[in-house]
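Participant: Sharing a model that was predicted from the sequence below.
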Amino acid sequence: MRRFSIATAVVGFWITAGVAAADAAPCLLITLTGTQSGPAAFNGQAGAGTLIRFGDDSNACGTVKLLVDAGRGTNMRLSQLDVTPVQLNAVFFTHMHSDHTEGFADIMFHRWAWDSRRPKLDVVCSADVASQFGFTVSCQKFVAHIGDAFLQSGEIAQRRVEGGGNVRLVGGPAELANLITFKATEEPQVVWSLRDVKVGDVKVSAIRSTHIPGHASYRVDTPAGSVVIGGDATNDLLTQPRAHSTSDQVELLAKGVDVIVHSTMHPIMGPDRDSGMPAEVFNRQSSTTDLGSMAQRVGAKHLFLTHLGPSIGATFQGAYKVPGGALTAADFRKAAEAGGFTGNIIVGTDLASLRLPAK
């Protein structure tokens, strides 16, 4: 039986094993918990999210479990992976769009209902940012009020008198969040870390990127490999002409990375291709071809396409038609290859996974 001593720091925690287990090879497992692009619903796809598991062969890469974004249906996808919300070490948000956040309430309510006395869940995101249009984008308020609907409906009180009063916190799910905010900048900064003497250190860095105010992209470094989660990042220049649609900040973050997970818009949806999609919508995503070019420039070995616009098999992307009819995975792969990428391309579907090293 292992013994652990735990100390909490500002941006993470360190785990020291009192009794070392037998040596086992470290491994990194990256799984898409949802691939739906935008607030639309199509073919049962869950909202955007990526589960990153790190450990070794003795625990199926499961020492550390990090979730980046939590769109609708995330908890259901986690259950298919035999992962419960209480097993998560931290949740990271790229930005405050509902297709990346609306599953978070489900995750937090689950922790509250069944594991209120367990340690709080680290929730990591950008600090509040003022929009040029006069409002504030606030992850802090989103997290602080995540349980308000359950409080106002009376469910929190009702669940406590049903036998959970001794273990379920009176303030509801928000009491279980340990919020960690950072000011996103032009340079990578460490925002969360963990040290395990058995499997090694995990470090999460963040950088500012363009999509909406407060958008951030993340890089996770482990002894088994590294992965960048770009989110919905695009170039700072939101009008044409521009050299490329990808984020220069994400490219800096991704130098020498093993895996890039990134949302993408297929070039077929361009305003010049009779899709009806306005330029201001199209230009807020990275094109598949430009992502292939960026992945090649940074030396990535794997490009994981997610949050596909349009979804595979869909004839519309929201209100905008797909010129020529529905696309296939091969269409996205061909577009990424057209950018010059010679590595492994994975066209994402819900629960698609990549393991490093391959087994």
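Facilitator: Now that the structure is in, tell me what you want to look at. Quick caveat: nothing in here was measured; it's all calculated off a predicted structure.

Participant: Can you show me the helices along the stretch 1-150 of the chain?
Facilitator: With DSSP state H, counting those that start in this stretch as the criterion, the stretch 1-150 of the chain has helices at 74-80, 98-101, 104-115, 139-144, 148-153.

Participant: got those helices as a markdown table, with mean neighbour count and distance to residue 168 columns?
Facilitator: Where you see a C-beta, it was placed from the backbone N, CA and C, and this is true even at glycine. Formatted as a markdown table, the helices of the stretch 1-150 of the chain follow (neighbours: other CB atoms under 10 Å; distance: least, CB to CB, whole Å):
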| stretch | mean neighbour count | distance to residue 168 |
| --- | --- | --- |
| helix 74-80 | 20 | 18 |
| helix 98-101 | 22 | 24 |
| helix 104-115 | 20 | 6 |
| helix 139-144 | 17 | 18 |
| helix 148-153 | 14 | 11 |
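
Participant: Out of the ones you listed, which is closest to residue 26?
Facilitator: helix 74-80 (22.4 Å; CB to CB).

Participant: Provide the contact partners of the closest one at residue level.
Facilitator: The list of residues contacting helix 74-80 from outside it, by CB atoms under 8 Å, 6 or more residues apart in numbering, reads 33-34, 46-47, 49, 51, 67, 84-85, 103-104, 106-107, 110, 350-351.

Participant: Repeat that for stretch 330-346.
Facilitator: By CB under 8 Å, 6+ apart, stretch 330-346 touches 264, 266-268, 287-296, 300-305, 308, 312, 347, 352, 354.

Participant: what are the bridge partners for the spatially closest residue to residue 190 that is not a sequence neighbour, then?
Facilitator: Among residues not flanking residue 190 along the chain, residue 205 sits closest, at 5.3 Å (CB to CB, 6 or more residues apart in numbering). With beta bridges defined as DSSP bridges, residue 205 has these partners: residue 190, residue 219.

Participant: Now for residue 205: which residues touch it?
Facilitator: 188-191, 218-219, 221, 253.

Participant: Same question for residue 143.
Facilitator: Counted by CB under 8 Å, 6+ apart, residue 143 has contacts 123, 125, 174, 177, 179.

Participant: Which of those residues fall within strands?
Facilitator: 123, 125, 177, 179 (DSSP state E).

Participant: Looking at these, which is nearest residue 234?
Facilitator: residue 125 (19.0 Å).

Participant: pretty sure the closest one is in contact with residue 184, am I right?
Facilitator: No - judged on CB atoms under 8 Å, residue 125 makes no contact with residue 184 at a distance of 9.3 Å.

Participant: Can you pick out the residue with more neighbours from the two?
Facilitator: Each of residue 125 and residue 184 has its neighbours counted (other CB atoms under 10 Å); residue 125 has more, 26 against 22.

Participant: what are the bridge partners for that one, then?
Facilitator: Under the criterion used (DSSP bridges), residue 125 bridges to residue 181.

Participant: Most neighbours among the contacts of residue 205, which one is it?
Facilitator: Top of the contacts of residue 205 by neighbour count (other CB under 10 Å): residue 218, with 29 neighbours.

Participant: show me the contacts for that one.
Facilitator: Taking CB under 8 Å, 6+ apart, we find residue 218 in contact with 68, 92, 94, 191, 204-206, 228-229, 231.

Participant: Okay, and the beta partners of the residue nearest the centre of the chain?
Facilitator: By CA atoms, centre = their mean, the mean C-alpha position of the chain lies nearest to residue 68, the distance being 2.5 Å. On the basis of DSSP bridges, residue 68 is bridged to residue 50, residue 92.

Participant: In contact with it, which residues are there?
Facilitator: Applying CB under 8 Å, 6+ apart, the residues near residue 68 are 49-50, 52, 91-94, 218, 229, 231.

Participant: Stretch 252-272 - what's its average pLDDT?
Facilitator: In this model, stretch 252-272 carries a mean pLDDT of 97.

Participant: Now that stretch - C-alpha only, CSV.
Facilitator: Taking Å, rounded to 0.1, in the frame of the first residue of the first chain, the C-alpha atoms of stretch 252-272 are listed here in CSV:
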residue,chain,number,x,y,z
LEU,A,252,5.9,29.8,-29.9
LEU,A,253,4.3,27.6,-27.2
ALA,A,254,4.5,24.5,-29.5
LYS,A,255,8.1,24.6,-30.4
GLY,A,256,9.4,21.1,-30.2
VAL,A,257,6.1,19.7,-28.9
ASP,A,258,5.1,16.1,-29.6
VAL,A,259,1.4,16.6,-30.1
ILE,A,260,-0.8,19.6,-31.1
VAL,A,261,-4.5,19.4,-30.3
HIS,A,262,-6.3,22.2,-32.1
SER,A,263,-9.7,23.3,-33.3
THR,A,264,-10.0,23.9,-37.0
MET,A,265,-12.1,25.3,-39.8
HIS,A,266,-11.8,23.6,-43.2
PRO,A,267,-11.0,26.0,-46.0
ILE,A,268,-14.2,25.1,-47.8
MET,A,269,-16.1,27.2,-45.3
GLY,A,270,-14.3,30.4,-46.5
PRO,A,271,-16.5,33.4,-47.4
ASP,A,272,-15.2,33.1,-50.9
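
Participant: Report the buried residues of that stretch.
Facilitator: Residues 252-254, 257-271 are the ones in stretch 252-272 that count as buried (16 or more other CB atoms under 10 Å).

Participant: With stretch 296-305 instead?
Facilitator: For stretch 296-305, by 16+ other CB under 10 Å, it's 296-298, 300, 302-305.

Participant: Filter those residues down to just the ones in helices.
Facilitator: 296-298 (DSSP state H).
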